[in-house]
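Colleague: Need coordinates for the following:
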Amino acid sequence: MRSLLILLCFVIAGTGAYSQQNYEMSLVSKDLLPYASAVVRNQEVNVEVKDLESTTYHFKTAITILNKNGDNLAHMAVFYDKTTTIKYIKGVVYDEFGKQIRKFSESDFSDQAAVNSFSLYEDTRVKHYLPAVNQYPYTIAYEYEVRSKESLRFRDWLPNNSTIAAVENSTYTFTCKPDFNIRYKEFNIPDKVVIATNSTGLKTYTWHVSNVKAVRPEPFSPNNENYLPRVKIAPENFEYEHLKGSFTNWQELGKWEYDKLLLNRQNLPQETIDHVKEITANITDPKLKAKRIYEYMQGKTRYVSVQVGIGGYQPFPASEVDRLGYGDCKGLVNYTQAMLRAVNIDSWYCVVTSGDRKVSMISDFPSMNQGDHIILCLPFKNDTTWLECTSQTQPFGYLGYFTDDRTVLACTPEGGKLMHTPKYTTADNLQTRKANFALTADGKLSGDMVTGFRGILYPSRDNLLEQSFVEQTKILQRIYTMNNLEIQKVDIKQDKGPTPLTIENVSLNVNYFGNEDNGQIRFPLNPVDRQGTPPNDVRNRAYDVYINDGYTNEDEIVYTLPAGYHAAREVYNVNHNKPFGKYSASYTVKDGKLIYRRKLQVFDGTYSKELYPEVIDFFQRVSTSDRLLVTLMKNN
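Modeller: Now for the predicted structure:
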């Protein structure tokens, strides 16, 4: 949703300083330079709630960019709309020695509609500026003020919102009247908040950090939220787009969303109601009725981002989505809800944080700026079902990696409920492959290969479904990195049943697959599913090992050996077992056939950083085993 993007960009763009301090590079402590592409020299963020419909944000920052990897942190992007106004922007760019290169002001910014690649239209605009500097290091110091006509959301304080940034000093001050109550939550903040009353009688909350180092890249790292400093703030009472409300828990927040943002948005034309009843008339099972309606919605609509209305939070009326045939996640969920309600099926509008990294609602800290996507929950008795309404092809009841295994907020008539979406386990995320290959004496390979994908792997071949055979071939040649690979046939089918399955059937030829030398033929035992390069061996690891998703890969390849040859080694067997993974590989030779079996399991979870050397060792052993060469010799 647009609101989260705006909040993020506000923080990225402006947590700043515009002053006459000395920004000479030599003054930066050498202790802050390791792994840093930028150093925040000084940062001051001041937020003042004047009343329920007036909040002022004042940003000052100075950030030294050390190399081109840090240029994005010098990019200012200030968003505004009908409820948010920019009062001023100004800044200065300095060279390595703290000498002023240029000044800039609001007139130097580009101003454009904030329409992204998936939006139909938005009511937000953005002013952005990136200094044209190619000599490193350089420093950009700037200051700006933004005023907002609401008090529902307060952007998080992120002193270093990127792992590649170190911080010399950063201060965040929140100011409000004594009777304006807030809740706050601190993450990875060494010094707790200082609460005081200023000279005008206003209450102030102040946080400060200093000498925060950049984060060394570590494979299998936890989410950034687990170790970067951050403060979240939420109001008890607020006003938003002329709607007043209050909340201190998720139940109250969900109730406000249901009553103020969702109520009376589900009216449908009588013609559509009649049609929904007609297409479900002969179905008695409520879940099968819901499936029929979901598939009807998929066929009738398409997804576009529509970021207008009440801050991007309120869905378009169901009647509008019905008429137009498109909607964003909010609109499509609301539309599906309306059709389900027409046949007396209950469903809940759910706010979720989407993405391949699993991020949950914070159970003990309700706030409006968590979540960026909407999904639908159908609370059938003993059979809760979840729907992703933005996809025209996704199976009924399937979420996938984008929203699985995380805590979400369900907005119900009784109020908000925290729920957890289904988890796709190591066993669920299954890739199975069976191949029958024939190898000739001159090293040519030919045969058929069938691969199945389940769980979060189900969409693995979605990008091939609508492609021509020529494009399918190009993509598969990048996936199966065998030299001289020729694809003869491709057939991809999807079963959208209760356990969705994608099946890929490929016929192929590979010239010079086997290397013939002095009467012997050598060929790779596992040409199609090799473990990649093991992760780097990071010494003195700082964070625990985090594996976001587990999976299982099972392979069986039967090689018909060329007449007159036998395997130099008749039997092969290897096993590697660790708490986070298991691997087995073997082959046997019988009746002129070499039968190879492989199984790799990786288990999601968080593991002690002390285990990291074992992680390296495990994947190194798997990689070595996957690259085994088989030697064939001529019979005597």
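
Colleague: Can you show me the helices along the stretch 1-150 of the chain?
Modeller: Ranges of helices in the stretch 1-150 of the chain, per DSSP state H, counting those that start in this stretch, are 2-13.

Colleague: Which stretches in it count as strands?
Modeller: Secondary structure of the stretch 1-150 of the chain (DSSP state E, counting those that start in this stretch): strands located at 38-51, 54-65, 76-80, 84-94, 100-105, 110-113, 119-122, 125-129, 138-148.

Colleague: cool, the stretch 351-500 of the chain as well?
Modeller: Taking DSSP E, counting those that start in this stretch to define them, one finds strands in the stretch 351-500 of the chain at 373-378, 385-387, 407-412, 415-420, 430-439, 445-454, 485-495.

Colleague: Tell me which of the strands of the stretch 1-150 of the chain sits nearest to residue 186.
Modeller: strand 38-51 (14.9 Å; Cβ to Cβ). Any C-beta I mention is one placed from the backbone N, CA and C, and that applies to glycine too.

Colleague: between that closest one and strand 84-94, how big is the angle?
Modeller: In terms of direction (axes from the mean of the first three to the mean of the last three Cα atoms, to 10 degrees), strand 38-51 departs from strand 84-94 by 150 degrees.

Colleague: How far off centre is strand 38-51?
Modeller: Here the centre of mass of C-alpha atoms in strand 38-51, compared against the chain's by Cα atoms, centre = their mean, to the nearest Å, lies 27 Å away.

Colleague: Just name whatever secondary elements that strand is in contact with.
Modeller: Here strand 38-51 is seen to pack against strand 54-65, strand 165-176 when contacts are counted using 3 or more Cβ pairs under 8 Å, 6 or more residues apart in numbering; DSSP states H and E.

Colleague: Make a markdown table out of the ones you listed and add mean neighbour count, distance to residue 93 and mean pLDDT.
Modeller: As requested, the helices and strands packed on strand 38-51 are arranged in a markdown table below (neighbours: other Cβ atoms under 10 Å; distance: least, Cβ to Cβ, whole Å; pLDDT from 0 to 100):
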| stretch | mean neighbour count | distance to residue 93 | mean pLDDT |
| --- | --- | --- | --- |
| strand 54-65 | 22 | 10 | 96 |
| strand 165-176 | 22 | 18 | 97 |
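
Colleague: Retrieve the pLDDT associated with the residue nearest the centre of the chain.
Modeller: Of all residues in the chain, the one closest to the mean position by Cα atoms, centre = their mean is residue 355, 2.4 Å from it. Per-residue confidence at residue 355 stands at 92 (pLDDT).

Colleague: Which residues are in contact with it?
Modeller: Contacts here follow Cβ atoms under 8 Å, 6 or more residues apart in numbering; on that basis residue 355 touches residue 402.

Colleague: Could you measure from it over to residue 538?
Modeller: Between residue 355 and residue 538 the distance is 24 Å, computed by Cβ to Cβ, to the nearest Å.

Colleague: and if you look at residue 273?
Modeller: 60 Å.

Colleague: Point out where the stretch 51-200 of the chain drops to low pLDDT.
Modeller: 114-124 (pLDDT under 70).

Colleague: if you set the cut-off to 80 instead, what comes out?
Modeller: 82, 112-125 (pLDDT under 80).

Colleague: out of everything not next to it in sequence, what's closest to residue 397?
Modeller: Excluding the flanking residues, the one nearest residue 397 by Cβ to Cβ, 6 or more residues apart in numbering is residue 385, at 5.0 Å.

Colleague: Any idea how many residues pack against the one you found?
Modeller: The number of residues packed near residue 385 is 19, by other Cβ atoms under 10 Å.

Colleague: Outline the domain layout of this protein.
Modeller: Under the assignment automatic domain parsing, the domains of the chain span 2-234, 250-420, 430-634.

Colleague: mind putting the ones you listed in a markdown table, distance to residue 241 included?
Modeller: Formatted as a markdown table, those follow (distance: least, Cβ to Cβ, whole Å):
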| stretch | distance to residue 241 |
| --- | --- |
| domain 2-234 | 7 |
| domain 250-420 | 5 |
| domain 430-634 | 36 |
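
Colleague: so where is the stretch 251-400 of the chain shaky, pLDDT-wise?
Modeller: Segments of the stretch 251-400 of the chain classed as low confidence (criterion: pLDDT under 80) are 305-312.

Colleague: Show the residue spans covered by the helices in it.
Modeller: Under DSSP H, counting those that start in this stretch, the stretch 251-400 of the chain gives helices at 270-279, 286-300, 318-324, 329-342.

Colleague: tell me what the first one is packed against?
Modeller: Helix 270-279 sits against helix 286-300, helix 329-342, with contacts defined as 3+ Cβ pairs under 8 Å, 6+ apart.

Colleague: ok so, going back, make JSON lines from the helices of the stretch 251-400 of the chain and add mean neighbour count and distance to residue 362 to it.
Modeller: As requested, these are arranged in JSON lines below (neighbours: other Cβ atoms under 10 Å; distance: least, Cβ to Cβ, whole Å):
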{"stretch": "helix 270-279", "mean neighbour count": "14", "distance to residue 362": "37"}
{"stretch": "helix 286-300", "mean neighbour count": "18", "distance to residue 362": "30"}
{"stretch": "helix 318-324", "mean neighbour count": "19", "distance to residue 362": "31"}
{"stretch": "helix 329-342", "mean neighbour count": "25", "distance to residue 362": "21"}
